[in-house]
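K.L.:
Provided below for reference: sequence and predicted model.
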Amino acid sequence: MDKIRWVIFAAMAVLALPAARAQFGPPPSQGSGPKLPAPTAFPPSGTFPTTESVTLFETDPGATIHFTMDGSMPTAKSPAYDPTQLIFLTGIYEGDHGFKAGYTIRAVAIEDGDTNSDVSDFEYLIDRRDRTAYVSEEVLPGVRMVRDSDNDKMFLIKGTTKCLLIDSGLGRGDLKTYLSQFTGGLPIEVIFTHNHGDHIGQADQFIRDSVEHIGEPDRPGLERLLKMRNIPDDVIAKNVVSAHDGDRVDIGGRSVVIYAAPGHTPGSIVIYDEQTGNLFTGDAFGSNSATIPDALWMQGTQTSLDIYWAVIKSARAKFGPNVKYIMTGHNDRPLAGETYLDNLESALRSLMDKGDATLIPSYRPVGLRQVVVGDRLQDPNWIAINVNHDKYLPAPVDQISGLVGITVTGATLAPEFKTDVKDYSISLPAGAKSIDVTPDPTSSRSTITVNGQAADAGKPHSLKLPISKVEIDVKSPDGTQTTTFSVTVNRK
């Protein structure tokens, strides 16, 4: 009880600071130079449902921001803000019950010889929902976004014969009963994008009377959780379904398609609604919350990211250029589908072209490195990728000599393209007179020839028929490595 009183008192005391801060007055000025601009913050003062992070800014590049969080006046002796890190404001729980916690950040800009800036006050309230509570809203026609207490995202889609739930969050409440108010009495079928706890955490609520789909490599993780929740083995064997690339799930009136997207986890999948152009990705393509901030977490991946990039290209070829919106596991709003995917590929291209030169420190987790495309403060479709620094490149950046895709107009490669497979075949109509071959190099700095002719990276290269084979030679930027990919041409 004392702890609860302390939490409430601390929150009330901090929230009361606006009425008390006038007693401090302005900080003493230093120097006789011009007065520095006052610091600003992102996000601005406001109320947030879960742990939040704050970034402080100063427009004068030579100035240092000093700040306090105890209500005292910031001075040159106060902690200096490190622009490579963030100020995290945590939510507070007592058991499953969430509390309101208030924070005031006071900041001043200081530079030798100049006059100190005015003090900026930024006030934040972290209003934690109970762990048993859920909130939801219809973010797109027919798509209900459901959030648990940690702001993890679940999505409910209603068909004519059943409802589809994508992921189940990490809450501790009765999610199934909560969702029933939106289902119109229809049964719920579940698809999990991958097996991390914040996506399968409430799987036990649905498994007894519903099928649950999950990518086959991630299935063991789901089964372990269900066993821990005392779900019988026969129920698990009957109702857990391994999802594979191209599987369809019919919900009445339309179906959604499951596509494999390994990388974040070996069994990560995405779910595409062809009727609406909506793509549900969990963490497979990353999340880009601006204020946490979030990223595509690939730091645990033990393979180079050219393999993942080939997965992205393959998936996009199956979607076609019609992805309208992307809903991730952690974004508060849908992302612009094609724009976000283009940024994702641009980030991967930058990694393969520039290597370590494109990496910057990650905000979260601290100590990692990441590549960023776009401005998180301005662009809702920005992208960041955290990398495993020892594994993310297939070779030293100047010795990369691979492909991440081969496209042949009017034909399909067999087998499906993978970076470590060098031999393919295609079948063409007997009357075909030419083919266009598009090689997508891992490094845009590579030199490419197609059947001995110079070819442009990522652009169609036309070849007259008949020919029996297409040979694509990829030479590394430093000229020391060459990799050959072969495509056997068959006539129907």
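P.N.:
That came through fine.
K.L.:
Return the longest helix seen in the chain as CSV; C-alpha atoms alone will do.
P.N.:
Counting residues, the longest helix found in the chain (DSSP state H) is helix 337-354. The C-alpha trace of helix 337-354 is given here as CSV (Å, rounded to 0.1, in the frame of the first residue of the first chain):
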residue,chain,number,x,y,z
GLY,A,337,2.2,0.5,-48.6
GLU,A,338,4.3,1.0,-51.7
THR,A,339,6.1,4.0,-50.3
TYR,A,340,7.1,2.2,-47.1
LEU,A,341,8.3,-0.9,-49.1
ASP,A,342,10.4,1.3,-51.4
ASN,A,343,12.0,2.9,-48.3
LEU,A,344,12.7,-0.6,-46.9
GLU,A,345,14.4,-1.6,-50.1
SER,A,346,16.4,1.7,-50.2
ALA,A,347,17.7,1.0,-46.7
LEU,A,348,18.8,-2.5,-47.8
ARG,A,349,20.4,-1.1,-50.9
SER,A,350,22.3,1.4,-48.8
LEU,A,351,23.7,-1.3,-46.6
MET,A,352,24.9,-3.4,-49.5
ASP,A,353,26.4,-0.4,-51.3
LYS,A,354,28.0,1.4,-48.4
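K.L.:
Check which helices and strands that helix sits against.
P.N.:
Applying 3 or more C-beta pairs under 8 Å, 6 or more residues apart in numbering; DSSP states H and E, we find helix 337-354 packed against helix 305-319, strand 325-328, strand 369-373, strand 383-387. In this view, the C-beta of every residue, glycine as well, is placed from N, C-alpha and C.
K.L.:
The same query, at a cut-off of 6 Å, please.
P.N.:
Applying 3 or more C-beta pairs under 6 Å, 6 or more residues apart in numbering; DSSP states H and E, one finds that helix 337-354 contacts strand 325-328, strand 369-373, strand 383-387.
K.L.:
right, so these: which one is the most enclosed?
P.N.:
Highest mean neighbour count of the helices and strands packed on helix 337-354: strand 383-387, a mean of 25 (counted as mean count of other C-beta atoms under 10 Å).
K.L.:
how far is that one from where the chain is centred?
P.N.:
Centroid separation for strand 383-387 versus its chain: 8 Å, with C-alpha atoms, centre = their mean, to the nearest Å.
K.L.:
Taking strand 369-373 as reference, get the angle to that strand.
P.N.:
Put simply, strand 383-387 runs at 160 degrees to strand 369-373, going by axes from the mean of the first three to the mean of the last three C-alpha atoms, to 10 degrees.
K.L.:
What lies in contact with strand 383-387?
P.N.:
The contact list for strand 383-387 (C-beta atoms under 6 Å, 6 or more residues apart in numbering) reads 288, 295-299, 343-344, 347, 362, 368-373.
K.L.:
orientation of it relative to helix 305-319 in degrees?
P.N.:
Going by the same axes, to 10 degrees, strand 383-387 makes 140 degrees with helix 305-319.
K.L.:
Show the subsequent helix or strand relative to strand 383-387.
P.N.:
Next along the chain after strand 383-387, taking DSSP states H and E as the criterion, comes strand 403-408.
K.L.:
pLDDT below threshold where in the stretch 251-400 of the chain?
P.N.:
The model of the stretch 251-400 of the chain has no residue with pLDDT under 70.
K.L.:
picking that back up, of the helices and strands packed on helix 337-354, which is nearest Asp245?
P.N.:
If you check each of those against Asp245 by C-beta to C-beta, strand 325-328 wins as the nearest, at 18.6 Å.
K.L.:
What helices and strands are in contact with the closest one?
P.N.:
If you count contacts as 3+ C-beta pairs under 6 Å, 6+ apart, strand 325-328 packs onto strand 278-282, helix 337-354.
K.L.:
List the buried residues in the last one.
P.N.:
What it means is helix 337-354. Across helix 337-354, burial judged by 16 or more other C-beta atoms under 10 Å covers 337-341, 343-345, 347-353.
K.L.:
tell me the angle the longest helix of the chain makes with helix 305-319.
P.N.:
Angle of helix 337-354 versus helix 305-319, following the same axes, to 10 degrees, is 150 degrees.
K.L.:
what's helix 337-354 in contact with?
P.N.:
Here helix 337-354 has contacts from 279, 285, 309, 323-326, 358, 371, 373-374, 381, 383, 385, 442-445, using C-beta under 6 Å, 6+ apart.
K.L.:
Paired strands for the helix or strand following that helix, with orientation please.
P.N.:
Sequence order places strand 360-361 as the next helix or strand after helix 337-354, per DSSP H and E. With DSSP bridges as the test, strand 360-361 is paired with strand 369-373 (antiparallel).
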